[in-house]
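Q: could you look at this predicted model? Sequence included:
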Amino acid sequence: MLLQISEPGEAPTTAACKRRVVGIDLGTTNSLVAHVADVSPAVIAGDGGPVVPSVVAYAGGGEPVVGAAAVARGLEAPADTIASVKRLMGRSLADVEAIRALVPYRLVDDAGRMVKIALGDGRELSPVQVSAAILGELRRRAEAALGGPLDGAVITVPAYFDDAQRQATRDAGRLAGLEVLRLVAEPTAAALAYGLDRGTRGTYAVYDLGGGTFDVSILTLVDGVFEVRATGGDSALGGDDLDRAIVRWAAGDGAVPASPPSDAAARREIAAAVAAARTAKEALTAAERAGVAFTLGGRAIERTLTRVELAAICAPLFERSARACRRVLKDAGYRADELDGVVLVGGSTRSPVVRDHVRAVFGREPLCELDPDHVVALGAAVQADVLAGGQSDVVLIDVVPLSLGLETMGGVVEKLVARNSTIPCGATQTFTTYADNQTGFALHVVQGERETADACRSLARFTLRGVPPMVAGAARVEISFQVDADGILHVAAHEQVSGVEAAIQVKPSYGLTDEEVERMLLESFDHAEDDLAERNLRLERVEAERILAATRAAMARDPHLLDADVAAATTAAMAELERIAAGADHVAIRGAIEALDRASKPFAERRMNLAIEAAMKGRALDEVERELAGETR
Ligand code: ADP
Ligand code: MG
């Protein structure tokens, strides 16, 4: 109740205490977690460094194995070892048809909804579950390093991820027991890591060459707010392609088939050859030459790779990269020489050969003071810290990557929220009936830039029922779209003439329903009771902190509305809540929260009444809020 009249734009939740929050780069190839300890972010390392390969092995039942250990198992049990799951997030089987031939595990259809992965033992997994396993590993690492349960996480997603992909990522976070504070675009995170938001304006390119994908984005910063102007790239271009190209260079063109062979021994040989090529490639970051040795098809191959040769091997890949960079500049409406900087992201940009290429394309020295492997996670940690109240002077805003709209008569799309609108944002539009006595509305929510619904991505369909019969065109159905801070869309509809509020249900075409997520949450609990208690404890602690901070802020702001006895009772209830929240009994914390609510109720009511009274006198609400904030003239 106290919260309802706190200042707009202010987060009373976190004013006082710094919470245990992290930033997570959930990558196609590698993932990592970072945290802001004092002022600057740092990655959190486990055994074997901070980078966790985004690979999950399910062989042999039991708990899934994540990271480097899973990579090792993948050679033995490829069909039960899931890599590159990010490519499957929020996608249907039809969407990922091209990937199907490239991965050694089996993909199956789930009634036209999100694609599933079929394991050898007959289990079917959603990509959300696999991602949750990776996030769970990162969470454990972070909790071990930070000495307690996490209060929240910011997770990064590619700038081009649509609503279904974002929703799936968010679900994976929930499933891993994380409170997902926000999803942030990877290029935005990279820019934050470099502190580019501290300038007032500027235009930056973010060049991200990872293991399997290449993304390039143009960001503009206006008054501390980033907008992704354009994104482009190539979803099938990355460091892995370089590794395979090196094997072909050493062993001949036919050495690496496009899809993995079914013969286990042949598969192992190829994997070992590609691994040797990768080692040599990575060694060339520091050295001028490196040896590559492997055996393929009974042939022992041994060669020395130089940087000059690597550059020649990379040339066809760089040509594709250069084309994508030129296009994204054109889409954004900038020339390379108008940029204020180029940020390097992704493990592959550590290579001097790649840096030379970037320098040539953009005609400038790229920013590379931060480790390009870490930069996205570091930026996510900065964002998490901001959301937790660590650096309240920074404002961060992301944008809607693709326009959101409704299908209207004739399959035409009416866009409600335009591409690149800064989020959170919303729009409301009124629609009417097409036929006399029409009592239902079939609504179809789509995302994309095209004008016809069938050319856009279908996000959800729902029906609004219970509209009273009227002549065509008389009904007034107000549809509102709200995009929250994660870029996730909430749709609501109501009919105004009749005043009837009909309930609607949004059924995403892809992605999981809440019930499915709940079910998976329960399924994922090995020790369901303990885990649920732990979860409840965390939720209650977060709530306790929120209430304490809000009460403190309100007391500081409006001491004149506080009677001595109410003040004493409130202060006592706050101390009690603080004491109990340090313990582990979530039921007791809930009780103490309610006790504080009761104790502070007279105070809350006086503040509320003042607000209402003032509003009734015809004054603008923001004026009242300013007054409540103590800024009266
Ligand atoms: P993703 O974003 O797809 O998860 P990463 O950003 O972690 O991927 O990049 C992984 C890629 O970076 C791999 O292809 C790896 O070989 C490459 N890489 C890592 N270190 C180096 C290095 N020193 N030189 C060249 N490439 C490197
Ligand atoms: Mg990446």
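A: On my side now, so go ahead. Residues are numbered from 1 along each chain as shown. Ligands and ions are numbered 1, 2, ... in the order given.

Q: who are the contact partners of the one residue in the stretch 151-300 of the chain that gets nearest to ligand 1?
A: With C-beta to the nearest ligand atom as the measure, residue 239 is the residue of the stretch 151-300 of the chain nearest to ligand 1, at 2.0 Å. For the C-beta atoms, the positions are set from N, CA and C on the backbone; glycine is no exception. Contacts of residue 239 were listed using C-beta atoms under 8 Å, 6 or more residues apart in numbering, and they are 29, 209, 210, 211, 212, 278, 281, 346, 347, 348.

Q: what about the closest residue to the first one other than its chain neighbours, how many neighbours?
A: Excluding the flanking residues, the one nearest residue 29 by C-beta to C-beta, 6 or more residues apart in numbering is residue 211, at 2.8 Å. Using other C-beta atoms under 10 Å, residue 211 is surrounded by 22 other residues.

Q: helix, strand or coil for residue 211?
A: coil (DSSP: H, G, I helix; E, B strand; the rest coil).

Q: for the stretch 451-600 of the chain, just list every one of the strands.
A: Using DSSP state E, counting those that start in this stretch, the strands assigned to the stretch 451-600 of the chain run over residues 457-464, 477-483, 489-495, 507-508.

Q: paired strands for the second one, with orientation please.
A: The pairing partners recorded for strand 477-483 under DSSP bridges are strand 425-431 (antiparallel), strand 489-495 (antiparallel).

Q: just those strands: most buried one?
A: Sort the strands paired with strand 477-483 by mean neighbour count, taking mean count of other C-beta atoms under 10 Å, and strand 489-495 sits at the top with a mean of 19.

Q: least trustworthy helix or strand in the chain by mean pLDDT?
A: In the chain, the helix or strand scored least confidently by mean pLDDT, DSSP states H and E is strand 507-508, which has a mean of 38.

Q: what separation do you get for residue 362 and residue 317?
A: 17 Å (C-beta to C-beta, to the nearest Å).

Q: and the stretch 1-150 of the chain, which residues reach ligand 1?
A: Contacts of the stretch 1-150 of the chain with ligand 1, taken as C-beta under 6 Å from any ligand atom, map to 27, 28, 29, 30.

Q: residue 211 is in contact with the last one, correct?
A: Pointing back at residue 30 there. Yes - using C-beta atoms under 8 Å, residue 30 is in contact with residue 211, at 6.8 Å.

Q: please identify every residue contacting each of those two.
A: Going by C-beta under 8 Å, 6+ apart, residues that sit against residue 30 and also against residue 211 are residue 347.

Q: run a quick neighbour tally on the residue in the stretch 351-500 of the chain positioned nearest to ligand 2.
A: Of all residues in the stretch 351-500 of the chain, residue 376 sits closest to ligand 2, with a separation of 5.7 Å (C-beta to the ion). Per other C-beta under 10 Å, the neighbour tally for residue 376 reads 33.

Q: and it, helix, strand or coil?
A: helix.

Q: can you pull the pLDDT of it?
A: Listed pLDDT for residue 376 reads 97.

Q: once you drop chain neighbours, what's closest to residue 459?
A: Per C-beta to C-beta, 6+ apart, closest to residue 459 is residue 445, 4.6 Å.

Q: in the helix or strand that neighbour falls within, what's buried?
A: With secondary structure defined by DSSP states H and E, residue 445 is part of strand 441-447. Buried positions in strand 441-447, judged by neighbour count with 16 or more other C-beta atoms under 10 Å: 441, 443, 444, 445, 446, 447.

Q: which residues of this protein lie near ligand 1?
A: 27-30, 210-213, 238-240, 278, 281-282, 285, 346-348, 350-351, 373.

Q: from those, which are also near ligand 2?
A: 27, 210 (C-beta under 5 Å from the ion).

Q: residue 610: what secondary structure?
A: helix.

Q: that one contacts residue 561, doesn't it?
A: Yes - using C-beta under 8 Å, residue 610 makes contact with residue 561 at a distance of 7.2 Å.

Q: and the residue of the stretch 51-200 of the chain nearest ligand 2?
A: Nearest residue of the stretch 51-200 of the chain to ligand 2 (C-beta to the ion) works out as residue 186 at 6.3 Å.

Q: pull the number of nearby residues for that residue.
A: 30.

Q: in terms of pLDDT, where does it sit?
A: 95.

Q: now swap in residue 496 and tell me
A: We have a pLDDT of 81 for residue 496.

Q: same thing with residue 370?
A: Confidence score, pLDDT, at residue 370: 93.

Q: look up how far ligand 1 lies from it.
A: 13 Å (C-beta to the nearest ligand atom, to the nearest Å).

Q: dump the residue contacts of the nearest residue to that residue once chain neighbours are set aside.
A: Nearest non-adjacent residue to residue 370, counting by C-beta to C-beta, 6+ apart: residue 193, 5.8 Å away. Counting by C-beta under 8 Å, 6+ apart, residue 193 makes contact with 41, 370, 374, 375, 376, 378, 379, 382.

Q: likewise for residue 482?
A: Neighbour list for residue 482: 424, 425, 426, 489, 490, 491, 492 [criterion: C-beta under 8 Å, 6+ apart].

Q: who in the chain is up against ligand 2?
A: 27, 210.

Q: shaky segments in the chain?
A: Applying pLDDT under 70 to the chain flags residues 1-18, 223-224, 390-402, 409-410, 419-423, 449-451, 455-456, 485-488, 499-535, 611-633.

Q: and residue 125, what are its bridge partners?
A: Beta-bridge partners of residue 125, as defined by DSSP bridges: residue 117.

Q: so how far is ligand 1 from it?
A: 20 Å.

Q: give me the number of residues near that residue?
A: 20.

Q: circling back to that earlier point, need the strands of the stretch 451-600 of the chain in JSON lines with distance to residue 293, can you?
A: Formatted as JSON lines, the strands of the stretch 451-600 of the chain follow (distance: least, C-beta to C-beta, whole Å):
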{"stretch": "strand 457-464", "distance to residue 293": "47"}
{"stretch": "strand 477-483", "distance to residue 293": "53"}
{"stretch": "strand 489-495", "distance to residue 293": "53"}
{"stretch": "strand 507-508", "distance to residue 293": "50"}
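
Q: tell me if I'm right that the residue nearest to residue 459 and residue 406 touch.
A: Yes - with contacts counted by C-beta under 8 Å, residue 445 reaches residue 406, the gap being 6.2 Å.

Q: strands of the stretch 101-250 of the chain, start to end?
A: So, for the stretch 101-250 of the chain - with DSSP E, counting those that start in this stretch - the strands run 106-108, 116-118, 124-125, 152-157, 180-185, 201-209, 214-222, 225-234.

Q: how many other residues sit next to the residue in the stretch 101-250 of the chain positioned nearest to ligand 2?
A: As assessed by C-beta to the ion, ligand 2 sits closest to residue 210 within the stretch 101-250 of the chain, at 4.1 Å. The number of residues packed near residue 210 is 27, by other C-beta under 10 Å.

Q: check contacts around the spatially closest residue to it that is not a sequence neighbour.
A: Once flanking residues are discounted, residue 210 sits nearest to residue 346: 4.1 Å by C-beta to C-beta, 6+ apart. By C-beta under 8 Å, 6+ apart, residue 346 lies in contact with 208, 209, 210, 211, 238, 239, 372, 373.
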